[in-house]
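[1] here is a sequence together with a model predicted from it:
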Amino acid sequence: MSGVIGFLRRVGSRTVDMVWRLGFATRFFGLVLLYSGQSFRRLHLTIREIYFAGVLSLLIILVSGLFVGMVLGLQGYETLQRFGSSDALGVLVALSLTRELGPVVAGLLFASRAGSAITAEIGLMKVTEQLKAMDMMAVSPIARVVAPRFWGGVVSMPLLAALFTAMGILGGWLIGVVFIGVDDGAFWSQMQAAVDFRYDVMNGVIKSIVFGVAVSLIAVFEGYDCTPTAEGVSRAITRTVVSSALAILALDFVLTSFMFRGQS
Amino acid sequence: MTVARQDFLVDLRAVRFAYGEREILRGIDLSVRRGQVVAIMGGSGCGKTTLLRLIGGQLRASAGQVVVDGADLAGLSRAALYGLRRRMGMLFQFGALFTDMSVFDNVAFPLREHTDLPPELVRALVLMKLNAVGLRGAEALSPAELSGGMARRVALARAIALDPMLIMYDEPFAGLDPISLGVIGQLIRRLNDALGASSIMVTHDIHESLEIVDYVYFVSDGRIVARGTPDEIRASDDPFVHQFVHAEADGPVPFHYPAPSLAASLLGEVGA
């Protein structure tokens, strides 16, 4: 009997903790938005963060995009040629990337490259009392430290996803056209005819913006909320990567189910 | 000696504070007169740092009043609290310098955040503050390149950047070599007098402190257990003060954390 009660108690306490944390995160998000004015008024703070989150993530995004595109080219050709429609390779590569793989994979990479760095930086600032010192100097750490990093991430993410997609299409072209010998004209013209700007490209961009907000918020929140010890920071970084990945995949399903319902 | 209340820059009356169930402060009366350097001493974990955080408004007292420059912190809005903090400087235990900025930018930070001074004037002020702590030559270094004592001096320059009325020091002597210790001690006194500020210093370094402070409070177990001027402290026959001044392991502050007797623990009679 006492075992059951103990179990229920643990489940209850976990649930209360989770709800509490979710509420805290929501309130934190509100505060970040409230204090965002400064990130725009003092643009150099945000631009610096765009450099750290965006420019420094370029290499991994571009290389991964290229490889993902090349694999798509190989696998796509393999399947399409069975049905004698290898000319449609361009369409397959472009649609997979703009709608799904671009935003999702770029988001996952962004979370592990930039998100973890943001969490680590804010977490270490907390450990070394820099956030407290700032607060004692009458400067809000949310306005000065958190908001610029949040907006830096939100701005960087769609740009990185777009670059990822562009590199991926290039990779698919490289394999399909240059190496395998699919017709160059068919590759591009079919792609141009089948990919709709508003329906395919814009929906992909919307996804990448949503993922950017989610990952950036998780990253700054985990850093700000971490237990100020070495162990606490390392746990926070892990949580950033794991929660971001789950959030991206779950949000992707929700967004996809709203955006794409079998129209063409 | 009677002193009017407005002579006190900081005035704590019957202040209590608890983290959840755990009571840290159990009724503290403490005041700092304008122009004084006051030390709060006590063993590790006795609530000294909590006191500083209450005075800085980072924590709110669960009971009692914390009055700084005539303002009761309990009733202050965040904006008013920030207004008050602009006139306070705080030196954190390990400096808490911003690691992504140079020494110069660290000291310039409060000036840039709170004033619209032209860059030349900011530069002049920063160099003056750095000169006051003897580190004008280190302006281009990054915090990672500084020794512990230097980092604390830079943090001190940053804390006085806006010429505060109150400077708070959290363990300013912890982990310093004897030379840096003397330097910091002298700086605390000199800057206090030069700026016409008041200072509160939380420390357990008794001999260094008694040289420079005007008044000492001893805190133990969340209460003020002794108080006095350095001369009174040196002459005191209070058992706690005696234990503290002479660094004795056992006394009013026990060596052992509260526990059942060793024999009982070894025989497994408790907690089984």
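    Perfect, thanks for sending it. Bear in mind that the values here come from a model prediction, so they are computed numbers and not experimental data.
[2] skipping its backbone neighbours, what lies nearest residue B:24 in space?
    Distances taken as CB to CB, 6 or more residues apart in numbering or on different chains put residue B:47 closest to residue B:24, at 4.5 Å, once the chain neighbours are dropped. All C-beta spots, glycine's among them, are computed from the backbone N, C-alpha and C.
[3] surely that neighbour is in contact with residue B:22?
    No. Residue B:47 is not in contact with residue B:22 according to CB atoms under 8 Å; the separation is 10.5 Å.
[4] the two: which is more packed in?
    Using other CB atoms under 10 Å in any protein chain shown as the criterion, residue B:47 and residue B:22 rank with residue B:47 on top: 22 against 8.
[5] Provide the backbone phi and psi angles at the more buried one.
    Here is the backbone geometry of residue B:47 (degrees, to the nearest 10): phi 110, psi 10.
[6] quick one: it from residue B:244, how far?
    Using CB to CB, to the nearest Å, residue B:47 is found at 15 Å from residue B:244.
[7] repeat that for residue A:114.
    Taken as CB to CB, the span from residue A:114 to residue B:244 is 50 Å.
[8] out of the two, which sits in the more crowded spot?
    Using other CB under 10 Å, the more surrounded residue of residue A:114 and residue B:244 is residue A:114, with 28 against 24.
[9] what sits against the more buried one?
    A:52, A:53, A:54, A:56, A:57, A:153, A:156, A:215, A:219 (CB atoms under 8 Å, 6 or more residues apart in numbering or on different chains).
[10] kindly recompute the last result at 6 Å.
    A:53, A:57 (CB atoms under 6 Å, 6 or more residues apart in numbering or on different chains).
[11] ok, and for stretch A:78-92, which residues are buried?
    Residues of stretch A:78-92 classed as buried by neighbour count (16 or more other CB atoms under 10 Å in any protein chain shown): A:80, A:86, A:87, A:88, A:89, A:90, A:91, A:92.
[12] for stretch B:210-226, same thing?
    In stretch B:210-226, counting by 16+ other CB under 10 Å, buried: B:210, B:212-222, B:224-226.
[13] top helix in chain A by residue count?
    The longest helix of chain A (DSSP state H) is helix A:2-34.
[14] run through the neighbouring helices and strands of that one.
    Contact here means 3 or more CB pairs under 6 Å, 6 or more residues apart in numbering or on different chains; DSSP states H and E; on that basis helix A:2-34 packs against helix A:203-225.
[15] buried set for whatever helix or strand comes next after the helix it packs on?
    Once helix A:203-225 ends, the next helix or strand along the chain (criterion: DSSP states H and E) is helix A:230-259. For helix A:230-259, the buried set under the neighbour-count rule, 16+ other CB under 10 Å, comprises A:233, A:236-237, A:239-241, A:243-245, A:247-248, A:251-252, A:255, A:259.
[16] between those, which is closest to chain B?
    Set against chain B, the nearest of the buried residues of helix A:230-259 by CB to the nearest CB is residue A:233 (14.0 Å).
[17] distance of the closest residue to that closest one other than its chain neighbours from chain B?
    Using CB to CB, 6+ apart and skipping residues adjacent in sequence, the residue nearest residue A:233 is residue A:123, 3.9 Å away. Residue A:123 is 13 Å from chain B, where distance means CB to the nearest CB, to the nearest Å.
[18] hey, where'd the helices end up in the stretch 1-150 of chain B?
    Ranges of helices in the stretch 1-150 of chain B, per DSSP state H, counting those that start in this stretch, are B:48-55, B:78-85, B:103-114, B:119-132, B:148-159.
[19] quick one: which of those helices is nearest chain A?
    helix B:78-85 (4.1 Å).
[20] one step back: what about the buried residues of stretch B:210-226, which are in helices?
    With DSSP H as the criterion, helices contain B:210, B:212 from among the buried residues of stretch B:210-226.
[21] now for residue B:80, how many residues are close by?
    Using other CB under 10 Å, residue B:80 has 13 other residues around it.
[22] cool, residue A:21 as well?
    Residue A:21: 12 surrounding residues under other CB under 10 Å.
[23] which non-adjacent residue is nearest it?
    Nearest to residue A:21 is residue A:225, by CB to CB, 6+ apart, at 7.9 Å.
[24] how much space separates that neighbour from residue A:20?
    Distance, residue A:225 to residue A:20, by CB to CB: 11 Å.
[25] who has more neighbours, those two?
    Taking other CB under 10 Å, residue A:225 and residue A:20 do not tie; residue A:225 has more neighbours (18 against 10).
[26] on that earlier part again, buried residues in the longest helix of chain A?
    A:25, A:28, A:31, A:32.
[27] list the contacts for the first one?
    Right, the one you point to is residue A:25. Residue A:25 sits next to residue A:221 when contact means CB under 6 Å, 6+ apart.
[28] do you know the pLDDT at it?
    With respect to pLDDT, residue A:25 scores 92.
[29] tell me how far it lies from chain B.
    Residue A:25 sits 21 Å away from chain B, going by CB to the nearest CB.
[30] low-confidence stretches in the chain?
    Going with chain A. Confidence mapping of chain A against pLDDT under 70 gives the ranges A:262-264.
[31] please refer instead to chain B.
    Regions of chain B meeting the criterion pLDDT under 70 cover residues B:1-6, B:249-254, B:270-272.
[32] report the next helix or strand after the helix ranked longest in it in sequence order.
    Identified as the longest helix of chain B according to DSSP H is helix B:178-195. Per DSSP H and E, helix B:178-195 leads on to strand B:198-203 as the next helix or strand towards the C-terminus.
[33] so what secondary structure elements neighbour that next one?
    Checking 3+ CB pairs under 6 Å, 6+ apart, strand B:198-203 ends up next to strand B:37-41, helix B:48-55, strand B:166-170.
[34] need the winner for burial among those.
    Counting by mean count of other CB atoms under 10 Å in any protein chain shown, strand B:37-41 has the highest mean neighbour count of the helices and strands packed on strand B:198-203, with a mean of 25.
[35] and stretch A:80-91, how far apart are its ends?
    For stretch A:80-91, the first-to-last residue distance is 11 Å (CA to CA, to the nearest Å).
[36] show me what that stretch is in contact with.
    Applying CB under 6 Å, 6+ apart, the external contacts of stretch A:80-91 come out as A:76, A:77, A:176, A:182, A:186, A:187, A:188, A:190, A:191, A:194.
[37] mind listing what's buried in the strand or helix carrying the second one?
    Taking DSSP H and E as the criterion, the element that holds residue A:77 is helix A:58-80. Taking 16+ other CB under 10 Å as the neighbour-count basis, helix A:58-80 is seen to contain the buried residues A:60-62, A:64-66, A:68-70, A:72-74, A:76-77, A:80.
[38] can you report phi and psi for residue A:137?
    phi -90, psi 10.
[39] returning to that earlier point: return the member of the buried residues of stretch B:210-226 nearest to residue B:187.
    Nearest to residue B:187, judged by CB to CB, of the buried residues of stretch B:210-226 is residue B:212 at 9.5 Å.
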